[in-house]
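J.: Give me coordinates for this.
(2 chains)
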Protein chains: 2
Amino acid sequence: MGGVPPRSPLAPASFPDLPSVAGLRLATAAAGVKYRGRDDVMLAVLDPGSVVAGTFTRSRTRSAPVLDCEAKLGGDPSGPAAILVNAGNANAFTGRNGVAAVEAVTTAVAIATGAEIGRVFTSSTGVIGEPLPHDRITATLDQMVAQLGSGDFEAAADAIRTTDTFAKGAGGRVSLSGGEVTIAGIAKGSGMIAPDMATMLVYIFTDARIEQDRLQDMVRRLCDRTFNAITVDSDTSTSDTLLVAATGASGVDADDAFEAALHDVMLDLAHQVVRDGEGATKFVEITVTGAESEAEARKIGLSIANSPLVKTAIAGEDPNWGRVVMAVGKSGAAADRDRLSIRFGDILVATEGWVAPGYREEDGAAYMKNAELQIAVDVGVGDAQATVWTCDLTHGYISINADYRS
Amino acid sequence: MGGVPPRSPLAPASFPDLPSVAGLRLATAAAGVKYRGRDDVMLAVLDPGSVVAGTFTRSRTRSAPVLDCEAKLGGDPSGPAAILVNAGNANAFTGRNGVAAVEAVTTAVAIATGAEIGRVFTSSTGVIGEPLPHDRITATLDQMVAQLGSGDFEAAADAIRTTDTFAKGAGGRVSLSGGEVTIAGIAKGSGMIAPDMATMLVYIFTDARIEQDRLQDMVRRLCDRTFNAITVDSDTSTSDTLLVAATGASGVDADDAFEAALHDVMLDLAHQVVRDGEGATKFVEITVTGAESEAEARKIGLSIANSPLVKTAIAGEDPNWGRVVMAVGKSGAAADRDRLSIRFGDILVATEGWVAPGYREEDGAAYMKNAELQIAVDVGVGDAQATVWTCDLTHGYISINADYRS
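T.: Numbering: from 1, shown residues only, chains lettered A, B, ... in the order given. I've put the predicted structure just below:
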């Protein structure tokens, strides 16, 4: 393996300044699950009354922690709740041993924090197929409980990284009709080292007040337009987890402005995951309009975003609109070949099923040199639209994933 | 672009010795559509009574020649038929101009060969979005008709290449219950140069006697287990075409042995396309057993075969079974995580949802050094199975598709 990869060229300048969230306390520790000389465990403790919503990977080979978390959503919120995340071992594809490890960790967290075991959520990310050394994790609990503080989100984001090249955070203060609330979220995603796999973990906290089922609906709805609208390499982890916890400590009820702010935090974190895509040198926004439904538009968008030929063309700064047409066609979604139009940024490249009359190849080529690109496709069959985000496919991706032996 | 790419390391030693097919005559010519100094057009003329079956790309942005061919299958076979293929320009995404070009070429072929226009099939492969210079193609027709011969299949396979690194052919003599027939097929596929796209074109000829609808059913059935079971990079061309023509000139009726022989020719050609996959250094057979249906098994197999993480692990000779588990999970097909087993060749790597007790990483690593690999996955939920074939994803793929400007 050797060495820390350089910070992605698409990374934000620095970790954002995030407000503390009333009712939430955080701590991190070095459990030595796999990494040495860094924190690799994060503990979040939520005051009584907090509700937790979430969405998870749709993989058919989901890890034990994912199954455990999902079963616990929507439980009685009267007592405290806790979230524990470790990096370095995914506890995935570990058979019955994996279930036992989740039990061991959640039991110890419940004892250390006073939360009911049904209110203890865990996530694991890292190597798969190896037993989770859960005793190393539980050995850090007393220390973390003693150190719980009002929230160093950057330390928490750092502790859950595997091969991410930067810590990811987003949030701020939001004015709702009833007063001000705070939202703060962290994420990890997109690095991998043999035999790890890309896992996306996201934790968002707010002191807004909201019922669990309403928060759950909101999260599910927003997920389609944020985390489910990004792709680095089309591969899906067995461990992807998004948890959103609302403590209610502000006493301010969530409203439409809250949903809008939560959307922005989720989208910001989703974009940061793409910006840390393995080997990425371009951040690409793909908007599909004129589709029969939003789902069809997203299907076309992801077909373009996942196409190796489109992604390599972008890496090569090649304005290869023919590959975009190909990807529209292979999506299987309705599209009218002879009404298709394509724009690169403001440049109309193709229209009515053919190259646009005024299009000059050198204009397209100049545009492709940008690090942030926008591709817009109208498929000419309806009024629905969707936007997805991806990165390019480069030699860097091959190097990270092929040029070593585990 | 510069230079002819080296012959794939996975290519067969030489073009096979193929028998001539009674009732079929072939010719090639240099039309100069795009390439210079080589033949780039192929004409096949079939005697009266020949039937033609076919399957085509399922892309929603199919090219004009594909739509024209599909509409002509199953026509009255009493007169002669003709197939004309050009390399260098795909006549795809060319709007109304593309339809006019097909009309111009098919009309000229009909006049030159005496076939009804409804019996003239054309394919085009190469650059997309540029008008087909059909006059250059039709200018070669008289010369080709004068030179029609009993069949230099290698010359025909060479004429339809774009960036294939070798000419692809398969076939032989087959003993049926009624006597001997011949089958000979050619294919092109997998190379691409900006702004081309990978197109697979396949033409198979036989002198066996068979009704068109029976041949069509057979071809469709066999396609699922051959051409629809291979993938290089998951991208689908707008022009993929498979035509199978039976002249009946042998007077021998097709039977089960014919279907078996046709299957073998189709599979051989399909494998050659994978072996010429861009940048490929490994030929990989993936067999999925224990699935709920053959379609589900193929879905899981293609999910593994298309996974960038699996393909880069293979390129890196990394026995990364965790990525295989991931790809099974993301397929969406039914699978029992805790009954999953994985073999690399004869080596049992994982069983009952965890690493196999006797598995040693160094055995897996040694196996991955082979150029031909077999991955077997049992998903533990049923009795159905399917096999698919793919290649690895290497720096060569990125170089071919990203390291240039068109």
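J.: What segments of the stretch 151-300 of chain A are strands?
T.: For the stretch 151-300 of chain A, the strands defined by DSSP state E, counting those that start in this stretch occupy A:168-176, A:179-188, A:201-206, A:230-231, A:241-246, A:283-291.
J.: Tell me if the lowest-mean-pLDDT helix or strand in chain A is near chain B.
T.: When the helices and strands of chain A are scored by mean pLDDT, DSSP states H and E, strand A:230-231 comes last with a mean of 78. No - on the criterion C-beta under 8 Å from any C-beta of the partner chain, strand A:230-231 is out of touch with chain B, staying 10.7 Å away. The C-beta positions use only the backbone N, C-alpha and C, and glycine is treated the same way.
J.: what's that strand in contact with?
T.: By C-beta atoms under 8 Å, 6 or more residues apart in numbering or on different chains, the surrounding residues in contact with strand A:230-231 are A:270-271, A:273-274, A:302, A:305-306, A:388-390.
J.: quick one, phi/psi of residue A:165?
T.: Backbone torsions for residue A:165, taken as degrees, to the nearest 10, come to phi -90, psi -10.
J.: before we move on, the earlier item: mind telling me which of the strands of the stretch 151-300 of chain A the model trusts least?
T.: Lowest mean pLDDT within the strands of the stretch 151-300 of chain A: strand A:230-231, a mean of 78.
J.: Partner strands of that strand, with direction?
T.: In the sheet, strand A:230-231 lines up against strand A:384-391 (parallel) (DSSP bridges).
J.: Return the set of buried residues in stretch A:359-374.
T.: By neighbour count with 16 or more other C-beta atoms under 10 Å in any protein chain shown, stretch A:359-374 contains the buried residues A:359, A:363-364, A:367-368, A:373-374.
J.: Just the C-alphas of that stretch, formatted as PDB.
T.: The C-alpha trace of stretch A:359-374 is given here as PDB (Å, rounded to 0.1, in the frame of the first residue of the first chain):
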ATOM      1  CA  TYR A 359     -21.100  23.600 -33.100                       C
ATOM      2  CA  ARG A 360     -17.300  23.800 -33.400                       C
ATOM      3  CA  GLU A 361     -15.300  20.900 -32.100                       C
ATOM      4  CA  GLU A 362     -12.600  23.300 -30.700                       C
ATOM      5  CA  ASP A 363     -15.200  25.000 -28.500                       C
ATOM      6  CA  GLY A 364     -16.200  21.600 -27.000                       C
ATOM      7  CA  ALA A 365     -12.500  20.700 -26.500                       C
ATOM      8  CA  ALA A 366     -11.800  24.000 -24.700                       C
ATOM      9  CA  TYR A 367     -14.800  23.500 -22.400                       C
ATOM     10  CA  MET A 368     -13.700  20.000 -21.400                       C
ATOM     11  CA  LYS A 369     -10.400  21.400 -20.000                       C
ATOM     12  CA  ASN A 370     -12.400  22.700 -17.000                       C
ATOM     13  CA  ALA A 371     -12.200  20.700 -13.700                       C
ATOM     14  CA  GLU A 372     -16.000  21.200 -13.100                       C
ATOM     15  CA  LEU A 373     -18.200  20.200 -16.000                       C
ATOM     16  CA  GLN A 374     -21.900  20.300 -16.800                       C
END
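J.: That one vs chain B: in contact?
T.: Yes - on the criterion C-beta under 8 Å from any C-beta, stretch A:359-374 is in touch with chain B at A:361, A:365.
J.: Can you pull out the residues in contact with that stretch?
T.: Taking C-beta under 8 Å, 6+ apart as the rule, stretch A:359-374 contacts A:9-10, A:281-287, A:314, A:317-319, A:321, A:343-345, A:347-350, B:405-406.
J.: sorry, back to before: out of the buried residues of stretch A:359-374, who's nearest residue B:330?
T.: Of all those, residue A:373 has the smallest distance to residue B:330: 26.3 Å, by C-beta to C-beta.
J.: how close does that closest one sit to chain B?
T.: According to C-beta to the nearest C-beta, to the nearest Å, residue A:373 and chain B sit 14 Å apart.
J.: Equivalent analysis for residue A:232, please.
T.: In terms of C-beta to the nearest C-beta, residue A:232 sits 9 Å off from chain B.
J.: Would you confirm that that residue contacts residue A:390?
T.: Yes - Residue A:232 is within contact range of residue A:390, at 6.9 Å (criterion: C-beta atoms under 8 Å).
J.: Identify the contacts common to the two.
T.: A:274, A:277.
J.: I'd like the strands of the stretch 151-300 of chain A written out as CSV, with mean neighbour count added.
T.: Putting the strands of the stretch 151-300 of chain A into CSV (neighbours: other C-beta atoms under 10 Å in any protein chain shown) gives the following:
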stretch, mean neighbour count
strand A:168-176, 21
strand A:179-188, 24
strand A:201-206, 27
strand A:230-231, 22
strand A:241-246, 27
strand A:283-291, 22
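J.: Kindly reformat these as CSV containing distance to residue B:66.
T.: Output for these, formatted as CSV (distance: least, C-beta to C-beta, whole Å):
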stretch, distance to residue B:66
strand A:168-176, 45
strand A:179-188, 44
strand A:201-206, 43
strand A:230-231, 29
strand A:241-246, 42
strand A:283-291, 23
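J.: Ok, which of these comes nearest residue A:162?
T.: The nearest among those, by C-beta to C-beta, is strand A:179-188 at 6.8 Å.
J.: could you dump that closest one to CSV, C-alpha only?
T.: This file holds the C-alpha atoms of strand A:179-188, laid out as CSV (Å, rounded to 0.1, in the frame of the first residue of the first chain):
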residue,chain,number,x,y,z
GLY,A,179,-36.6,30.0,15.5
GLU,A,180,-33.1,28.9,14.8
VAL,A,181,-31.8,25.3,14.6
THR,A,182,-28.4,23.8,13.7
ILE,A,183,-27.5,21.0,11.4
ALA,A,184,-24.1,19.3,11.2
GLY,A,185,-23.1,16.3,9.2
ILE,A,186,-20.1,14.2,8.4
ALA,A,187,-19.4,11.6,5.8
LYS,A,188,-16.8,9.2,4.6
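J.: Would you check the distance separating that strand from the middle of the chain?
T.: 15 Å (C-alpha atoms, centre = their mean, to the nearest Å).
J.: Am I right that residue A:289 is in contact with residue A:297?
T.: Yes - counting by C-beta under 8 Å, residue A:289 touches residue A:297, with 7.2 Å between them.
J.: Mind listing the shared neighbours of these two?
T.: A:379, A:384-385.
J.: ok, and the most crowded of those?
T.: residue A:379 (28 neighbours; other C-beta atoms under 10 Å in any protein chain shown).
J.: so that one makes contact with residue A:335?
T.: Yes - between residue A:379 and residue A:335 there is a contact at 3.8 Å, judged by C-beta under 8 Å.
J.: what touches both of those two?
T.: A:291, A:300, A:328.
J.: Pick the one among the residues you listed closest to chain B.
T.: For these, the minimum distance to chain B (C-beta to the nearest C-beta) is 5.8 Å, reached by residue A:328.
J.: gap between residue A:153 and chain B?
T.: With C-beta to the nearest C-beta as the criterion, residue A:153 and chain B are 29 Å apart.
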